[in-house]
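Colleague: everything below, folded, please.
(chains A and B)
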Number of protein chains: 2
Amino acid sequence: MRRLYHSWFCPQSRKVRVALAEKGLDFMLSFEKTWERRPEFLLINPAGSVPVLVEEDGSVIVDNYAITEYLEEAYPDRPLMGTTPAARAEIRRLMDWFDVKFQRDVTQHVVSEKVLKRFLRMGEPNSEAIRCAAHNIKIHLEYIGYLADSRTWLGGDQFSYADIAAAAHLSVVDYLGGVPWDVNEAAKVWYMRIKSRPSVRPLLKDAIAGLRPPAHYAQLDF
Amino acid sequence: MRRLYHSWFCPQSRKVRVALAEKGLDFMLSFEKTWERRPEFLLINPAGSVPVLVEEDGSVIVDNYAITEYLEEAYPDRPLMGTTPAARAEIRRLMDWFDVKFQRDVTQHVVSEKVLKRFLRMGEPNSEAIRCAAHNIKIHLEYIGYLADSRTWLGGDQFSYADIAAAAHLSVVDYLGGVPWDVNEAAKVWYMRIKSRPSVRPLLKDAIAGLRPPAHYAQLDF
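Modeller: Numbering: from 1, shown residues only, chains lettered A, B, ... in the order given. Now for the predicted structure:
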């Protein structure tokens, strides 16, 4: 069966999980402890990062960017990236927004301070980094709310990779209790719609040993 | 005329400059001081980042990822991303390698310490960050040499976005005197071939006020 090497708190891995499910593609998950730099895994991806997708025919597609575009090219029946050049440009812009800007502003601080330092025993969380992320996420929630208010979905008329990328980051940060949902009602309503999708449900059942999510994490109406 | 908003030490902007030239597309450059967060520019790209491409018909394509894919879709005559799914996956993997991993390992340290701190008067360069980049780039040069030894170009048989992404980062770091070319001969020979391409020549003529490149920067045989 198709296999996805992933990591629990990697938003790009979560994005691929949702995209595969939206496209109706079966897959099994392999949790890769990327920090162990396993030699067999480095042969597949010398960067040592996830996500990595191995298709049933053995072909290997490495990293967020290549997998995202590959899935759209190989399985176009259920499009997730729009159909016109303008739509695709907008959806890719928003993927960059979340995978580069949101990642830098919010996700990397929260994950490195609340998860990596704990599991890798790298010392106490840096409270300044966490405060920084807590400030930045409010601006991002306002922007998500603005998009959700002016469009059917974040990227336009159709549910797309823009929604998936946003939801992937937010779900990671939400698991760690870092999303102040009361900041923007439209963003919250959009995320409720996201949570109710069958493709997203498996993410809400993730339970990482030793680290419990807040009670609202899996609730559709929160 | 087509316009590219760019920044001199932004590798992703350099990548787009080379891609436009390879595809035979005329354009003018607008230097955007992204740190000033100019309101008119934020209307075009709320992330405030470059590159941003404005086409002659006024359509706006925002950020590295969207522009890269857009140029390939809109101007397919001179392909820069291979023609098979496997070729595209490999070229995109290498773009991720340079735009994410090389950026994090090398470029961001060199640019923030040697350029941003100087022009924005943010204090003395952090010598530990520069040493870290100097260590990391050796590993990257070995990897580039390995690819160049085993293939015609970095991404496969054809000159591609993989070469362009690698050259864009290296040219930025080289301008700042940060590339130890004697580490790997195959990487150096590959870069000599890159430098001799008409699409790359304009980069070698860049002269940023107050910051001169080393003598070998523009030399084809260095």
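
Colleague: for the residue nearest to A:Glu32 when sequence neighbours are not counted, grab phi and psi.
Modeller: Once flanking residues are discounted, A:Glu32 sits nearest to A:Tyr5: 4.5 Å by Cβ to Cβ, 6 or more residues apart in numbering or on different chains. Heads up, the C-betas are built off the backbone N, CA and C, glycines and all. Dihedral pair for A:Tyr5: phi -80, psi 130, per degrees, to the nearest 10.

Colleague: who's in contact with A:Tyr5?
Modeller: A:Tyr5 makes contacts with A:30, A:32, A:41, A:44-45, A:50-54, as judged by Cβ atoms under 8 Å, 6 or more residues apart in numbering or on different chains.

Colleague: equivalent analysis for A:Phe41, please.
Modeller: Counting by Cβ under 8 Å, 6+ apart, A:Phe41 makes contact with A:5, A:32, A:34, A:48, A:52.

Colleague: for it, give its distance to A:Trp35.
Modeller: Going from A:Phe41 to A:Trp35 by Cβ to Cβ, to the nearest Å gives 11 Å.

Colleague: centroid residue for chain A?
Modeller: Among the residues of chain A, the one closest to the centroid is A:Ala168, at 2.3 Å (Cα atoms, centre = their mean).

Colleague: identify the residues contacting that residue.
Modeller: A:11-12, A:14-15, A:18, A:98, A:203.

Colleague: can you do 7 Å?
Modeller: By Cβ atoms under 7 Å, 6 or more residues apart in numbering or on different chains, A:Ala168 lies in contact with A:11, A:14-15, A:18.

Colleague: leaving out sequence neighbours, find the closest residue to A:Ile208.
Modeller: Per Cβ to Cβ, 6+ apart, closest to A:Ile208 is A:Trp8, 5.1 Å.

Colleague: looking at this, the one you found is in a strand?
Modeller: No: if the criterion is DSSP: H, G, I helix; E, B strand; the rest coil, then A:Trp8 is coil and not within a strand.

Colleague: who in chain A is up against chain B?
Modeller: Within chain A, the positions adjacent to chain B are A:47, A:59, A:61-66, A:69-70, A:73-74, A:85-86, A:89, A:92-93, A:95-97, A:101 by Cβ under 7 Å from any Cβ of the partner chain.

Colleague: what subset of those residues is buried?
Modeller: Burial by neighbour count, judged by 16 or more other Cβ atoms under 10 Å in any protein chain shown, picks out A:47, A:61-66, A:69-70, A:85, A:89, A:92-93, A:95-97, A:101 from those.

Colleague: tell me which stretches of chain A form strands.
Modeller: Applying DSSP state E to chain A gives strands spanning A:3-6, A:28-31, A:52-54, A:60-62.

Colleague: picking up where we left off before, okay, the residue nearest to the centre of chain A: pLDDT?
Modeller: On the pLDDT scale, A:Ala168 is placed at 98.

Colleague: farthest pair in the contacts of A:Tyr5?
Modeller: Distance extremes for the contacts of A:Tyr5: the farthest pair is A:Phe41 and A:Leu53 at 13.3 Å, using Cβ to Cβ.

Colleague: state the number of residues packed around the residue nearest to A:Thr107 when sequence neighbours are not counted.
Modeller: Excluding the flanking residues, the one nearest A:Thr107 by Cβ to Cβ, 6+ apart is A:His169, at 5.2 Å. For A:His169, the neighbour count with other Cβ atoms under 10 Å in any protein chain shown is 26.

Colleague: re the thing from before, so which of the buried ones among the residues of chain A next to chain B sit within helices?
Modeller: A:64-66, A:69-70, A:85, A:89, A:92-93, A:95-96 (DSSP state H).

Colleague: so among these, where is pLDDT lowest?
Modeller: Ranking those by pLDDT, A:Pro85 lands last with 92.

Colleague: what's the helix or strand bottoming out on mean pLDDT in chain A in contact with?
Modeller: Every helix and strand in chain A was compared by mean pLDDT, DSSP states H and E; the lowest is helix A:117-119, with a mean of 78. Applying Cβ under 7 Å, 6+ apart, the contact partners of helix A:117-119 are A:123, A:125.

Colleague: ok, now which ones touch A:Leu147?
Modeller: A:Leu154.

Colleague: ok, now how distant is it from A:Gly155?
Modeller: Remark: distance between A:Leu147 and A:Gly155 (Cβ to Cβ) = 8 Å.

Colleague: domain-wise, how is chain A divided?
Modeller: Following automatic domain parsing, one finds the domains of chain A at A:3-74, A:85-200.

Colleague: and the longest one, end to end?
Modeller: What that stands for is domain A:85-200. For domain A:85-200, the separation between the terminal residues is 27 Å (Cα to Cα, to the nearest Å).

Colleague: distance check, A:Ser199 against chain B.
Modeller: 22 Å (Cβ to the nearest Cβ, to the nearest Å).

Colleague: look up how far A:Ile194 lies from the closest residue to that residue other than its chain neighbours.
Modeller: Distances taken as Cβ to Cβ, 6+ apart put A:Ala21 closest to A:Ser199, at 3.6 Å, once the chain neighbours are dropped. A:Ala21 sits at a distance of 13 Å from A:Ile194 (criterion: Cβ to Cβ).

Colleague: and if you look at A:Glu69?
Modeller: Here A:Glu69 is placed at a distance of 22 Å from A:Ile194 (Cβ to Cβ).
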